[in-house]
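Colleague: Pasting a predicted model and its sequence here:
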Amino acid sequence: MTTAEGLPIPDGDDLRRALEACLVAELAGEISIASVTRLTGGASRETYAVAASRNGEPWPLILQRERGGTRRRDEGMEAEASVVRRAGEAGTPAPQVVLSHGQLSDDVAATVGNSWFVTEAVPGETIARRLLRDDAYAAARTGLAAELGRALAQLHTVAVDGLDWLEEIDQLAFYRDVADELELASPAFELAFRWLEQHKPAQQRTTLVHGDFRLGNLIVDETGLAAVIDWELAHLGDPMEDLGWVCVRAWRFGGPGPVAGVGSYDEMISAYMEASGIAVDQDVVRWHETLGTLKWGIMCGSQVESHRTSVVRSVELAAIGRRIAEQEYDVLRLIGEPIETAIVEAAPPEDRPTPRGETTAAELVEAVREFLTDHVMASDGQLGFHARVAANALGQVEREIESGPALAERSADVWAMFGATSAVDLAASIRSGALDGQADQIRQALVGLAEAKLEITNPRWIDR
């Protein structure tokens, strides 16, 4: 692979030597790099652990490099590096930026990649499952919600003068356009769009917004919050967006607390108000939590589209498309009073004769799922992770083979209740406002339908 200028993108030992040369040329002291190890690879960036030393002392670093040979914006990752620098200067816990491609001439920077920056490594954990469950982080969990409130209060004071690339984005309008581009005709999402438009609060301030402030983008050590990372979605906007996003149920990762799975709304909001001196309306935070839930549902659709169009072929991205049902369920419950619904359990399978001869589709799915579960999931690293994703996806297919026909029949009955013939038809009627007078009845019917879908895709998501 090459950069936009036709230069090869370095990797392995070539990358180690190139990065070492850049650090030595720009920074003082005796610097050497023993290894550069790839950690993760998303759709837009690569992350590497850099085992460096400076003046004979260990100096662990992190390299983040834009994926491929093009830049998402003209400034490349120099834009993100500049925000991280500003955040650290303002007192927000953020990694120390060591070097970025913009500090070097283009030809020298290109020896490492088209767009990149390096920070000092911050000790701690980012994996939500460990932070929420491991005994080592029990003390950190106790006060984490309040720490997040204080960190956001500091983050929202970061000066943005000179950062001309930062845009102010109307999130509701932006994701309306994204949903339309994806042709994501979801009656539940259309009902949420109508509710959000009708209840949109007045924006009191415009500040720097992190844009993805949640577990996974926070480094936590045994004492608490150590650093906020992954600033690539930073923009200008309503600071309450960050408070609402960290409360979205998807980012609780199974934890019981509404704030990052660990704490209460009051803990975070009280700490934010005390640190900032600015009053916060919990209803406004709740509005942004609702918007965040809708956003994540639409982003799930966008990610599966990346797989579907071969931008990035990935079993993980393919499986994320099935998480749309979770967000439909959550957003429907957020926009109205709690609904007591009767969970319709899947009917027990009928007694069928034992298959003979040609293998059935259900038998093939079961066999592949068992192979992944019994033989591949024990593998370390990305292979084991993707095997778990694949096995879970096949479990969904098994349940859909069993229950899919009944779900399709139930869906048709719901559409017909409101004079529609399909999900697309009902979504269009909701969007037009023609069914505003029946919004509560539609919501109740759609919650029941979302639960039936979740019985196939993720039964544990249902609040029983």
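Modeller: Nice, thanks for sending it over.
Colleague: Which of the helices and strands in the chain ranks last by mean pLDDT?
Modeller: The helix or strand of the chain with the poorest confidence is helix 361-371; it has a mean of 82 (mean pLDDT, DSSP states H and E).
Colleague: Which elements pack onto whichever helix or strand comes after it?
Modeller: Using DSSP states H and E, the helix or strand that follows helix 361-371 in sequence is helix 381-417. Helix 381-417 sits against helix 315-320, helix 361-371, helix 423-432, helix 439-457, with contacts defined as 3 or more CB pairs under 8 Å, 6 or more residues apart in numbering; DSSP states H and E. Using the backbone N, CA and C atoms, a C-beta is placed for each residue, glycine as well.
Colleague: May I see the buried residues of the third one?
Modeller: Okay, so that is helix 423-432. 423, 426, 427, 429, 430, 431 (16 or more other CB atoms under 10 Å).
Colleague: So which elements touch that helix?
Modeller: Short answer (3+ CB pairs under 8 Å, 6+ apart): helix 423-432 packs on helix 187-198, helix 381-417.
Colleague: worst average pLDDT in these?
Modeller: When the helices and strands packed on helix 423-432 are compared by mean pLDDT, helix 381-417 comes last with a mean of 89.
Colleague: Tell me the buried residues in that one?
Modeller: Buried, per 16+ other CB under 10 Å, within helix 381-417: 386-400, 402-403, 407, 410-411, 414-415.
Colleague: Check stretch 109-120 too.
Modeller: Those would be 109, 110, 111, 112, 113, 114, 115, 116, 117, 118, 119, for stretch 109-120 by 16+ other CB under 10 Å.
Colleague: What of stretch 362-374?
Modeller: Judged by neighbour count (16+ other CB under 10 Å), stretch 362-374 contains these buried residues: 365, 366, 369, 372, 373.
Colleague: Once you drop chain neighbours, what's closest to the fourth one?
Modeller: Distances taken as CB to CB, 6 or more residues apart in numbering put residue 391 closest to residue 372, at 4.2 Å, once the chain neighbours are dropped.
Colleague: how far away is the one you found from residue 98?
Modeller: Residue 391 sits at a distance of 40 Å from residue 98 (criterion: CB to CB, to the nearest Å).
Colleague: Also residue 277?
Modeller: Counting by CB to CB, the gap from residue 277 to residue 98 is 34 Å.
Colleague: More neighbours: these two, which one.
Modeller: residue 98 (21 against 7; other CB atoms under 10 Å).
Colleague: what about the more buried one, which SS state?
Modeller: strand (DSSP: H, G, I helix; E, B strand; the rest coil).
Colleague: Next, count neighbours for residue 167.
Modeller: For residue 167, using other CB under 10 Å, the count is 10.
Colleague: list the contacts for it?
Modeller: With contacts defined as CB atoms under 8 Å, 6 or more residues apart in numbering, the neighbours of residue 167 are 235, 236.
Colleague: pretty sure residue 318 is touching residue 309, no?
Modeller: No: counting by CB atoms under 8 Å, residue 318 stays clear of residue 309, with 11.9 Å between them.
Colleague: more neighbours, the two?
Modeller: When residue 318 and residue 309 are compared on other CB under 10 Å, the one with more neighbours turns out to be residue 318, at 17 against 9.
Colleague: Quick check: closest non-adjacent residue to that one.
Modeller: residue 307 (4.8 Å).
Colleague: Restrict stretch 147-161 to CA atoms and write it as CSV.
Modeller: In CSV, the C-alpha atoms belonging to stretch 147-161 read as follows (Å, rounded to 0.1, in the frame of the first residue of the first chain):
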residue,chain,number,x,y,z
GLU,A,147,-14.3,12.0,38.1
LEU,A,148,-15.9,11.9,34.7
GLY,A,149,-18.1,14.9,35.6
ARG,A,150,-15.0,16.9,36.8
ALA,A,151,-13.0,15.9,33.7
LEU,A,152,-15.8,17.0,31.4
ALA,A,153,-16.1,20.3,33.2
GLN,A,154,-12.4,20.9,32.6
LEU,A,155,-12.7,19.7,29.0
HIS,A,156,-15.4,22.2,28.2
THR,A,157,-13.1,25.1,29.2
VAL,A,158,-10.5,24.2,26.6
ALA,A,159,-9.7,27.2,24.4
VAL,A,160,-10.4,26.7,20.7
ASP,A,161,-8.9,29.9,19.2
